[in-house]
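> Here is the input, now give the coordinates:
(2 chains)
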Protein chains: 2
Amino acid sequence: MTAAPGGTPARRRGRPPRTESAGTRDRILAAAREEFSARGYERTSVRAVAKAAGVDPALVHHYFGTKEQVFAAAVEVAFAPALDAPRGIADGPLDRIGERLTRFFLGIWENPVTRAPLLAILRSALDHETAAAVLRRLVGAQVLRRVADQLDLPDAELRAELAAAQLVGCAFLRYVIKVEPLASADLEALVARLAPVVQGHLTAP
Amino acid sequence: MTAAPGGTPARRRGRPPRTESAGTRDRILAAAREEFSARGYERTSVRAVAKAAGVDPALVHHYFGTKEQVFAAAVEVAFAPALDAPRGIADGPLDRIGERLTRFFLGIWENPVTRAPLLAILRSALDHETAAAVLRRLVGAQVLRRVADQLDLPDAELRAELAAAQLVGCAFLRYVIKVEPLASADLEALVARLAPVVQGHLTAP
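Numbering: from 1, shown residues only, chains lettered A, B, ... in the order given. Prediction:
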């Protein structure tokens, strides 16, 4: 962990000067992600996050509010690449949206840097109902809803969710429990098998 | 918890008399499932399992061996309905295996009694690599392999895994994070959408 530039214990109490805010906020978020990831939602306290970030607990409350809000903010950062996705996935013909979504999703999971926070979130969601609720709101409202908005169909949301189910399940078997031959399967071979299924969920009559 | 019939602390040490074995073994397994479920793989000790079951830790080792083996035995009990499935799923025409598998899988998850141990296993698999390895062996060798054996195709295992991915992902979104409208969707409507996808993974050219 790097110290905030110019930060001293005395200055960390109360409302911080503007120049320090961004660094401290990021540091708290990084600490939150690590703590929630290592210990799960239930066993993580705002006090522990503050300690790991080297700040006063009051500062964590100041920036984020309750423990649930700290968790939501950490999850949102972890999901940042996924939240940017729907725009990119929208570019291009609708009859290939299945392939774009599949490539994008597997791309996030192939990369260990973007995979780690997703694993932490899955773990917390299984661990505690509050964490599941945070994930539900984020995935439901921000990711699946955006994909559904691109389909002009009455059951667009259910379609987006069933497509997501195929991809999430693949991630679980391939990257978490690593069942073979799926775990070692060639990425392009997987895209070739999954993209038509995802496309079918999204646009088939 | 019920006491083992006629059991006394003194008799619990060493190899138990045959009449007591089944009850004690089941009691240890039930305690193991609860402990692993509540605390995850890493934070559960053989000593804690023994204490919850009201037996000496040596007896846990005697019946099951190492902590990993205790976990594997607990997982196997939780998976017992799923392990019985492939036989039932094999009965009937191959061109409707997708529907049988889908109905069977969602049936296990719809029932809170059979759902709880599955959730505990998923949680542990996300929690610790050893638990993931146990799940990998069990799911790979005993569940997916048996489904694959019924397909007379060179890539049968990958097919079975991609079909399982669709179902596992659906379970995660519907029963764990409970995203709507999937969480409230009618079971028959879900079967109608998922069965053709599962069938396609398993038998499409």
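
> Pull out the buried positions in stretch A:100-119.
A:100-106, A:108-109, A:114, A:117-119 (16 or more other CB atoms under 10 Å in any protein chain shown). Bear in mind the C-beta positions are built from the backbone N, C-alpha and C, glycine included.

> Report the contact partners of A:L158.
Residues near A:L158 by CB atoms under 8 Å, 6 or more residues apart in numbering or on different chains: B:181-182, B:185, B:193.

> Mind picking the two most distant members of these?
For those, with distances taken as CB to CB, the pair at the greatest spread is B:P181 and B:R193 (12.1 Å).

> Comparing those two, which residue is more hemmed in?
Neighbours were counted for B:P181 and for B:R193 using other CB atoms under 10 Å in any protein chain shown; B:R193 has more, 19 against 12.

> Can you tell me the centre-most residue of chain A?
Nearest to the geometric centre of chain A sits A:F79, at 2.8 Å (CA atoms, centre = their mean).

> Provide the secondary structure category for the closest residue to that residue other than its chain neighbours.
Sequence neighbours aside, A:L138 is the residue nearest to A:F79 in space, at 6.0 Å (criterion: CB to CB, 6 or more residues apart in numbering or on different chains). Here A:L138 is recorded as helix under DSSP: H, G, I helix; E, B strand; the rest coil.

> just A:E42 next, same as before
Criterion first, three-state DSSP; result for A:E42: coil.

> you'd agree it is up against A:H128?
Yes. Shown here, A:E42 and A:H128 form a contact pair, counting by CB atoms under 8 Å, at 4.9 Å.

> So these two - more neighbours on which side?
Neighbour totals were compared for A:E42 and A:H128, and A:H128 leads with 19 against 14 (other CB under 10 Å).

> Can you show me the helices along chain A?
In chain A, the helices defined using DSSP state H lie at A:9-12, A:18-39, A:46-53, A:57-64, A:67-78, A:80-90, A:97-110, A:112-127, A:129-137, A:145-149, A:156-171, A:187-203.

> Of these, which shows the lowest average pLDDT?
The stretch with the lowest mean pLDDT among the helices of chain A is helix A:9-12, at a mean of 42.

> burial measure for the residue of chain A found nearest chain B, as a count.
Of all residues in chain A, A:G169 sits closest to chain B, with a separation of 2.8 Å (CB to the nearest CB). If you count neighbours by other CB under 10 Å, A:G169 ends up with 23.

> Could you do A:A120 as well?
A:A120 has 21 neighbouring residues, counting by other CB under 10 Å.

> For B:C170, see how far away the residue nearest to the centre of chain A is.
Look at A:F79 and B:C170: by CB to CB, to the nearest Å, they are 21 Å apart.

> Same check on A:D26?
Per CB to CB, A:D26 is found 36 Å from B:C170.

> Give me the more crowded residue out of those two.
Ranked by neighbour count (other CB under 10 Å), A:D26 and B:C170 place B:C170 first, with 27 against 13.

> Let me know whether that one touches A:L167 as I believe.
No. Applying CB under 8 Å, one finds B:C170 not in contact with A:L167, separated by 11.2 Å.

> OK, contacts around A:E180?
B:140, B:157.

> tell me the phi and psi of it?
Dihedral pair for A:E180: phi -100, psi 150, per degrees, to the nearest 10.

> Would you mind giving the buried residues of stretch A:100-119 as JSON lines with distance to A:A58 added?
Shown next, in JSON lines, are the buried residues of stretch A:100-119 (distance: CB to CB, whole Å):
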{"residue": "A:R100", "distance to A:A58": "45"}
{"residue": "A:L101", "distance to A:A58": "42"}
{"residue": "A:T102", "distance to A:A58": "45"}
{"residue": "A:R103", "distance to A:A58": "44"}
{"residue": "A:F104", "distance to A:A58": "40"}
{"residue": "A:F105", "distance to A:A58": "39"}
{"residue": "A:L106", "distance to A:A58": "42"}
{"residue": "A:I108", "distance to A:A58": "35"}
{"residue": "A:W109", "distance to A:A58": "37"}
{"residue": "A:T114", "distance to A:A58": "32"}
{"residue": "A:P117", "distance to A:A58": "26"}
{"residue": "A:L118", "distance to A:A58": "31"}
{"residue": "A:L119", "distance to A:A58": "31"}
